[in-house]
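[1] build me a model from this:
(2 chains)
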Number of protein chains: 2
Amino acid sequence: MDWSEDIRAAAQRIAGHVVRTPVAALNGFGLGYPIEAKLEHMQHTGTFKARGAFNTLLSQDVPEAGLVAASGGNHGAAVAYAAHQLGHKARIYVPEMAGPSKISLIRDAGADLVVVPGEYSDALEQALAYEAETGAMQIHAYDAPATVAGQGTLALEWENQGLQADTVLIAVGGGGLIGGAMAWFDGQRRVVAVEPETSCALHAALEAGEPVDVDVSGVAANALGARKIGQICFDLAVSTGADSVLVSDAAITRAQEALWRETRQLVEPAGATALAALMSGAYRPAPGEKVAVVLCGANITPDPLG
Amino acid sequence: MDWSEDIRAAAQRIAGHVVRTPVAALNGFGLGYPIEAKLEHMQHTGTFKARGAFNTLLSQDVPEAGLVAASGGNHGAAVAYAAHQLGHKARIYVPEMAGPSKISLIRDAGADLVVVPGEYSDALEQALAYEAETGAMQIHAYDAPATVAGQGTLALEWENQGLQADTVLIAVGGGGLIGGAMAWFDGQRRVVAVEPETSCALHAALEAGEPVDVDVSGVAANALGARKIGQICFDLAVSTGADSVLVSDAAITRAQEALWRETRQLVEPAGATALAALMSGAYRPAPGEKVAVVLCGANITPDPLG
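    Numbers count the residues shown, from 1 in each chain, chains lettered A, B, ... in the order given. All right, here's what the predicted structure looks like:
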């Protein structure tokens, strides 16, 4: 697997379909050093996930029946958006418990949306039945090479925008975004995986020596709450020697509030999780070490203009 | 008056005190062309006004008694912040009707804050009494050369960041920000002044041939509701031949919603007013004309994390 080549190819493929999100030099947060930030929450549908969705759809044959997903969140919105933009059908089964704000997000992205009474497992059951019946295609949210390569275009793009950092901190759910970053940086920059204490599939896997099931909860669980880390991410974390740190829900909320108060960037808890590692001291850069964070999502609930 | 030199000097003076705010290429909004945007709502205290406040304080002798202002809004927050950062006292008289969200903003900026029962005129009366008693200094919100030169640093900075636009659209209240932009661009780029139909002091002045009093109301009035355009801005608008267009409150609200929905940038109505001119067709660029907008403020009420 030549990740570098795959990520370059992905970047060419998805150019024009995704936002080249801006970067910013941030100061403040009670820290004595500047932070480079990638404002990836300005991406289509509010998270980085549009990158992987477009890369998958543009590199694979999409069946006549289109796409299918069970999702109450950011992945579903990105798949729906990318499919809609490229003229494919996208049937998304959304658990009712996702709430009106997330359901609107996915509907607005252009999905053929079915709200399923109950929880995620009920939606998944209907999605699998639809897939079997129609031949529609599923896109894995994080553990597929085309997804990881697509998310990796963020790191490539950031370097083209002049990234200086020695160390890049990234929030981890299933490991698609950080997988892409580890694949691109390939040990040339330190990557720090930041997870909530209450949803830490990568941390648990690194301790166990293999991906293991974890319980998930907490303020960021609707975006970062993967029950098992992706195998691709796990292998890259081991081979590139990524650091792993944990933050509390309170630290995430403080970082979210500080981003709004000090920079007027309103992100969801997952989008503030990387910064929380710096503000809480979970990761303390050495003197002179240059650090960067990805603001990876802004699909907050409730919608502030709802 | 050599504006170019004054603005360059201001930029050197305030460097390190203000945020070099990022720029972004935006697409969408139902328009068929890209828009360059300056994310100036990421400035300290959420608007461009910190630029003028720092330039004033760093270029003039500040009395022992410090600063005084009557303000329920963005100017008061910027003056309080700049004074606090530079170690000066700042007494801000805030009308109670400004509401808890704006009052918190000014308090958080570090002001010695007095909440005055009633309206702006009640706060102004107490501010004038305090000025007479103590010798504290007032900073004009828009109609002073140091303020205009400070706001003009935004335009200089944007050119250093690679601004391509033929035409820059800017929301107008009293005319400090657009004054600075007209002074810097000096006719080399077209400047379009965008005002709400319900608060249009520059438009009325250009029709009358001189600054005149206007009534102010509407969704953006707490930021753009100047009763008379500044003389400096008026003179620059005439000498540089700026365009003037008006937008409805509904168009402003649509632009504000679109900025959140499509780019996850949550701005106050004034911050969406320039974009509203493009989305509503109040300003229609010629084929191939490159346009840019300033997102100038994000102090929305209520606070989304309040």
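[2] okay, now A:S101: neighbour count?
    Other residues near A:S101 number 14, with proximity taken as other CB atoms under 10 Å in any protein chain shown. Backbone N, C-alpha and C define where each C-beta goes, glycine included.
[3] ditto for A:V293
    Other residues near A:V293 come to 28 when the count uses other CB under 10 Å.
[4] one more: A:I300?
    The tally of other residues near A:I300 (other CB under 10 Å) stands at 22.
[5] please apply the same query to A:A286.
    Around A:A286 there are 7 other residues, counting by other CB under 10 Å.
[6] quick check: it is in a helix.
    No. Counting by DSSP: H, G, I helix; E, B strand; the rest coil, A:A286 falls outside a helix, being coil.
[7] and the gap between it and A:V247?
    Using CB to CB, to the nearest Å, A:A286 is found at 19 Å from A:V247.
[8] same question for A:S121.
    28 Å.
[9] more neighbours: those two, which one.
    Higher neighbour count among A:S121 and A:V247: A:V247, with 30 against 10, using other CB under 10 Å.
[10] next up, the contacts around that one.
    If you count contacts by CB atoms under 8 Å, 6 or more residues apart in numbering or on different chains, A:V247 has them with A:194-197, A:273, A:276-277, A:280, A:282.
[11] would you mind naming the residues that bridge with A:V194?
    Per DSSP bridges, the residues bridged to A:V194 are A:A171, A:V245.
[12] that one touches A:M279, doesn't it?
    No. Assessed by CB atoms under 8 Å, A:V194 is found out of contact with A:M279, at 11.2 Å.
[13] comparing those two, which residue is more hemmed in?
    Using other CB under 10 Å, the more surrounded residue of A:V194 and A:M279 is A:V194, with 32 against 19.
[14] wait, does stretch A:220-233 contact chain B?
    No. Against chain B, stretch A:220-233 shows no contacts by CB under 8 Å from any CB of the partner chain, the least distance being 13.9 Å.
[15] for that stretch, which positions count as buried?
    A:220-226, A:228-230, A:232-233 (16 or more other CB atoms under 10 Å in any protein chain shown).
[16] swap in stretch A:93-104?
    A:93-95, A:98, A:102-103.
[17] tell me where the stretch 151-300 of chain A has helices.
    Applying DSSP state H, counting those that start in this stretch to the stretch 151-300 of chain A gives helices spanning A:176-185, A:201-208, A:221-224, A:231-240, A:249-263, A:269-280.
[18] related to what we said a few turns ago, which member of the buried residues of stretch A:220-233 is positioned nearest A:G175?
    Closest approach to A:G175 among the buried residues of stretch A:220-233 (CB to CB): A:C233, at 2.6 Å.
[19] now the closest one. Nearest residue, chain neighbours left out?
    Of all residues not flanking A:C233 in the chain, A:G175 sits nearest, at 2.6 Å (CB to CB, 6 or more residues apart in numbering or on different chains).
[20] quick one: residues contacting A:G241.
    When contacts are counted by CB under 8 Å, 6+ apart, A:G241 touches A:G187.
[21] correction: the previous question concerned A:A221.
    Contacts for A:A221 (CB under 8 Å, 6+ apart) come out as A:196, A:198-199.
[22] how many neighbours does A:A132 have?
    9.
[23] next to chain B, which bits of the stretch 1-150 of chain A? Give me the list.
    Taking CB under 8 Å from any CB as the contact definition, the stretch 1-150 of chain A meets chain B at A:19-25, A:27, A:39, A:41-42, A:46, A:108.
[24] using JSON lines, lay out those together with pLDDT, neighbour count and secondary structure.
    Shown next, in JSON lines, are these (pLDDT from 0 to 100; neighbours: other CB atoms under 10 Å in any protein chain shown; DSSP: H, G, I helix; E, B strand; the rest coil):
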{"residue": "A:V19", "pLDDT": "97", "neighbour count": "20", "secondary structure": "coil"}
{"residue": "A:R20", "pLDDT": "97", "neighbour count": "15", "secondary structure": "coil"}
{"residue": "A:T21", "pLDDT": "98", "neighbour count": "24", "secondary structure": "coil"}
{"residue": "A:P22", "pLDDT": "98", "neighbour count": "21", "secondary structure": "coil"}
{"residue": "A:V23", "pLDDT": "98", "neighbour count": "20", "secondary structure": "strand"}
{"residue": "A:A24", "pLDDT": "97", "neighbour count": "20", "secondary structure": "strand"}
{"residue": "A:A25", "pLDDT": "96", "neighbour count": "14", "secondary structure": "strand"}
{"residue": "A:N27", "pLDDT": "94", "neighbour count": "14", "secondary structure": "coil"}
{"residue": "A:L39", "pLDDT": "98", "neighbour count": "26", "secondary structure": "coil"}
{"residue": "A:H41", "pLDDT": "98", "neighbour count": "27", "secondary structure": "helix"}
{"residue": "A:M42", "pLDDT": "98", "neighbour count": "22", "secondary structure": "helix"}
{"residue": "A:G46", "pLDDT": "96", "neighbour count": "29", "secondary structure": "helix"}
{"residue": "A:D108", "pLDDT": "87", "neighbour count": "14", "secondary structure": "helix"}
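[25] picking that back up, can you redo the buried residues of stretch A:220-233 as a markdown table with pLDDT?
    Formatted as a markdown table, these follow (pLDDT from 0 to 100):
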| residue | pLDDT |
| --- | --- |
| A:A220 | 92 |
| A:A221 | 88 |
| A:N222 | 85 |
| A:A223 | 88 |
| A:L224 | 92 |
| A:G225 | 88 |
| A:A226 | 89 |
| A:K228 | 93 |
| A:I229 | 96 |
| A:G230 | 96 |
| A:I232 | 98 |
| A:C233 | 98 |
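[26] just those residues now: which is nearest chain B?
    The closest of the buried residues of stretch A:220-233 to chain B turns out to be A:A223 (CB to the nearest CB; 13.9 Å).
[27] with adjacent residues omitted, what lies nearest to that closest one?
    Residue nearest to A:A223 in three dimensions, not counting chain neighbours: A:A270, with 3.7 Å by CB to CB, 6+ apart.
[28] got a winner among the contacts of A:V247 for most neighbours?
    The most crowded member of those, judged by other CB under 10 Å, is A:T273 (34 neighbours).
[29] that residue and A:A171 touch, don't they?
    Yes. A:T273 lies in contact with A:A171 (CB under 8 Å); the separation is 3.8 Å.
[30] that'll do, ta.
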